[in-house]
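Enquirer: Just to be clear, the model below is a prediction. Sequence and coordinates:
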Amino acid sequence: MPKDELFASFDQFWKEWNPAEDARRLAADLVNDKTFPRILPEIGERYGWEARRLNPAVAYLINRQLVSASKVIGAQPWLTRDIEDTADTRRFVRNRS
């Protein structure tokens, strides 16, 4: 079974989206909009993204320890149930703006 980093690293070559760019957008929204949803299905609905697109962006942030997320069973098709911004998220956004 592939690891989630596979999609975070290579979707930019296989799909019409780039997980790193999606992750930057997601991180900026988490930091700048305190009303922005933290639960993945709600984030997907807000962006109009299916789990197949949102999961690699979330994996990008989680694998680089840029957000706080818990591993849960039963979150399928989502990578996790929810994510929270941290000081590292804010630094990530600030360094890329």
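Expert: Arrived safely, thanks for sending. Numbering: from 1, shown residues only.
Enquirer: Remind me which helix or strand the residue nearest in space to the middle of the chain belongs to.
Expert: For the chain, residue 58 is the residue whose C-alpha lies nearest the centre (CA atoms, centre = their mean; 2.1 Å). Per DSSP states H and E, residue 58 falls inside helix 51-63.
Enquirer: tell me which residues in that helix are buried?
Expert: The neighbour-count check on helix 51-63 (16 or more other CB atoms under 10 Å) flags 51, 53-62 as buried. (Each C-beta comes from the backbone N, C-alpha and C, glycine too.)
Enquirer: picking that back up, any idea which element the nearest residue to the residue nearest to the centre of the chain once chain neighbours are set aside lies in?
Expert: Counting by CB to CB, 6 or more residues apart in numbering, residue 58 lies nearest to residue 79, which is 5.1 Å off, once chain neighbours are set aside. Using DSSP H and E, residue 79 maps to neither a helix nor a strand.
Enquirer: Okay, angle between the host helix or strand of residue 91 and helix 51-63 too, please.
Expert: In the assignment (DSSP H and E), residue 91 maps to helix 87-95. Helix 87-95 and helix 51-63 are oriented at 100 degrees to each other (axes from the mean of the first three to the mean of the last three CA atoms, to 10 degrees).
Enquirer: Residue 87: how many residues sit nearby?
Expert: Number of residues near residue 87 (other CB atoms under 10 Å) recorded here: 7.
Enquirer: and if you look at the one 4 residues further on?
Expert: Neighbourhood size, residue 91 [other CB under 10 Å]: 13.
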